[in-house]
Structure formats: C-alpha cells, structure tokens
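Visitor: 3D model of this:
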Amino acid sequence: MSSYIITGANGDIAISMADILRQSCPDVRLIGTDIESKWPALGASFDDVEIIPKVADEGYISTLESLIKKYSPEYIIPTSEPELRWIARNHKKCSHIPFLMNLPDLILTCMDKLESMRWLTSIGIDVPETKMLSAANIQDIPFIMKPRFGAGSRGIKVVRNAEDFEKFCLSGCFEDYVSQKYLDQEDQEYTCAIVKLEDEFRTFIMHRKLKEGVTSEMYGLLNDDIEEMLNDITEKLPSYCAINVQLRLTPEGPRIFEINPRFSSTIKMRHMLGFSDFLWLLKGVKEKSRFPESSPMLGQKVYRVYREIMGVKDVSLL
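Guide: Reported below is the predicted structural model:
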C-alpha cells in the first residue's frame, strides 16, 4: 500500500490533495501533519494526523525522520509557504527527506515578489513595474503595496491617492514590502497552472473571481496571448516542476503580478475540470512517466463553497 505524508493538513491545499489522492487511489494511506491540531483534517480524507514542531523549531527534521520510519511514505508533500521557504533555504540539511516539491532555487525566486518580477523581465516577459516600497513616490500612484514574501492577500493595500500615500509614509512600513503598479482590470484576473515533466509540459488558463482574497469561482478558457507567454516561461523552467502564474489581462496584453511555486488553493478546482497537475507530477516524478491523454473542460464553471465536517466526539480528547 502506498503512503504519503502531507503537511499543513488543516489547510485547504492539503485537504484538497488528500481528497484527490483518496478519489484516485482509494487504498492509499494518507498521513497529515499539523503544528496545532488533528482536526478538522482527521475528519476529512486523512487516515491519521501527527502533530509536529514548527518548521524553524528544533526537532522538525528529527520528527519527520521518525514519521518516515513509522509510515514509510513514498513522499512528504509540504504545502505551507513557511515550510517550503525554510526547506528550500536549508535543503542541504534535509536532502535525505523524500520531499515532493520544486527545486530550491525556483521556490526561493518565485516566493520573492521582487526577484520573481526581475526574473520574468530577464527572460523577456513584460510585468508591472515592481520595486522596493521605500523607492515608491507619489508619481507611482496608483500602486499596490504588499509583503515581499508571503502568500495570499494578507498585508496587501492599494495606494490610490496622495492622502493614502501620506498615510503610508507615516506608517513607516517599508521593510520587506514592495510596490507594484496597480492593474485596474479587476474583472480580467486569471490564474494559470503550468506543469512540466522532462521536456513536455501542460498549461491551463483559468478566469477567476475572488472573494476575500480567495478564488470563489473559475472556468478554463483559451487565450493565445496568455498561452504564448506561458510557453515562453515554461522553456526556462526545470524538468519536473509545477507552478501557478497569476495575472491580469490589460489593454497592453497579459501582465503577471505573482508566481506561486507550489500547488495552489485551486488545485482541486482544476482537477475537477480535468487538469490533474498534482497527480501528473506525482506520477511523473515517481515513475518517470509522461503525460496521459487529457482534455480539460473549457467554459465549465467551478465554485468553491464551505463544507462542514463532524469533529471529535469528546472535546476532552483534543
């Protein structure tokens, strides 16, 4: 029986991965890890959930080593950004751990919102002007201010006028923040998945709507300009990787504002549409297999809704 360990088990990405694996391989053994609680992950598709230290704490690696002896997983799949960034920075310390993740250099470049834009520019991709927040001035209005590192919409603000700029200056929040030209085409936001196995790759373009910073609905479509840009990026990517590109379609063409170097929160939504990048990469790395025949659905909307999970019967056991 195959077994996998998925970290950040109580997060949406980990639960989505577990659902996909359970659906595709019913006999697989799925172990989650979390730093706080076994729930609600234990009520989802996991067989068990282990509590582990935070990634930067002493004992993180030794705990994973113990779990490897206990469960003999084929892979440990990190899902949280802090874990991925720490592992990438300290990959020599944990090279013996069977992580399923992108190469450290790719992770560190893409998780840096300034360096990722510089990299795209270096390979000929047009991006919105991005620089350290301390270098922003009133002529840059309107612009987005956001943490240089970090996922999701946490810490992101739009500076729209001189009053906003003055408040931003008084706040003094310059360290580790970047400014980026504001793209006002809010109804033209896309998330694009790229997965590469050796020299082959697949891409999937999805128009999305956001609700409180999270994709609430999306559908797949074709767009020649976006596809051409994704192809140019893929040529520069290493073999066996998966990334998620976020962009807006402007009158000047597509403009990428962020790259996610891990499986994103829309992983299950695109899997439901027939773009199974998670399974393809997993099997590709494991068996050095090629892509199967596939035809992702276009125009079919997928919605994200909340669901309830029955918890532990006795709260004293938590």
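Visitor: in stretch 55-71, what counts as buried?
Guide: Neighbour-count burial for stretch 55-71 flags 55, 60, 61, 63, 64, 67, 71 (criterion: 16 or more other C-beta atoms under 10 Å). C-betas here are computed from N, CA, C, even on glycine.
Visitor: Helices - which of those residues land there?
Guide: Judged by DSSP state H, the buried residues of stretch 55-71 include 60, 61, 63, 64, 67, 71 as members of helices.
Visitor: burial count for residue 166?
Guide: 12 (other C-beta atoms under 10 Å).
Visitor: Where do the strands of the stretch 51-200 of the chain begin and end?
Guide: Residue ranges of the strands in the stretch 51-200 of the chain, as given by DSSP state E, counting those that start in this stretch, are 75-77, 130-132, 143-147, 157-159, 177-181, 189-197, 200-211.
Visitor: In TSV, list those strands along with mean pLDDT and mean neighbour count.
Guide: TSV is the format used below for the strands of the stretch 51-200 of the chain (pLDDT from 0 to 100; neighbours: other C-beta atoms under 10 Å):
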stretch	mean pLDDT	mean neighbour count
strand 75-77	97	22
strand 130-132	94	18
strand 143-147	91	21
strand 157-159	87	17
strand 177-181	93	22
strand 189-197	96	22
strand 200-211	93	18
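Visitor: how about those, which one is nearest residue 244?
Guide: Residue 244 sits nearest to strand 189-197 of all the strands of the stretch 51-200 of the chain, at 5.6 Å, using C-beta to C-beta.
Visitor: Tell me how far that closest one lies from the chain's centre.
Guide: Taking the mean of its C-alpha atoms, strand 189-197 sits 11 Å from the chain's own mean (C-alpha atoms, centre = their mean, to the nearest Å).
Visitor: Each with direction, which strands does that strand pair with?
Guide: Strand 189-197 has its sheet partners listed here by DSSP bridges as strand 200-211 (antiparallel), strand 241-250 (antiparallel).
Visitor: After the longest one, which helix or strand is next?
Guide: Where DSSP states H and E defines the elements, the next helix or strand beyond strand 200-211 is strand 214-221.
Visitor: Show residues contacting that next one.
Guide: Residues from elsewhere that reach strand 214-221 (C-beta atoms under 8 Å, 6 or more residues apart in numbering): 152-153, 191, 204-210, 265-266, 269-270, 273, 275, 296-304.
Visitor: quick one, domains of the protein?
Guide: According to automatic domain parsing, the chain comprises the domains 3-101, 129-181, 186-303.
Visitor: Go through these and find the least confident stretch.
Guide: With a mean of 83, domain 129-181 has the lowest mean pLDDT of these.
Visitor: now the end-to-end length of that one.
Guide: By C-alpha to C-alpha, to the nearest Å, the extent of domain 129-181 from end to end equals 5 Å.
Visitor: Same question for residue 49, what's its three-state structure.
Guide: When classified by DSSP: H, G, I helix; E, B strand; the rest coil, residue 49 comes out as strand.
Visitor: What is the neighbour count of it?
Guide: 23.
Visitor: Repeat that for the one 5 residues further on.
Guide: The tally of other residues near residue 54 (other C-beta under 10 Å) stands at 14.
Visitor: who's in contact with it?
Guide: By C-beta under 8 Å, 6+ apart, the residues touching residue 54 are 35, 60, 82.
Visitor: Which one of those residues is nearest to residue 45?
Guide: Nearest to residue 45 among the contacts of residue 54: residue 35, at 19.7 Å, using C-beta to C-beta.
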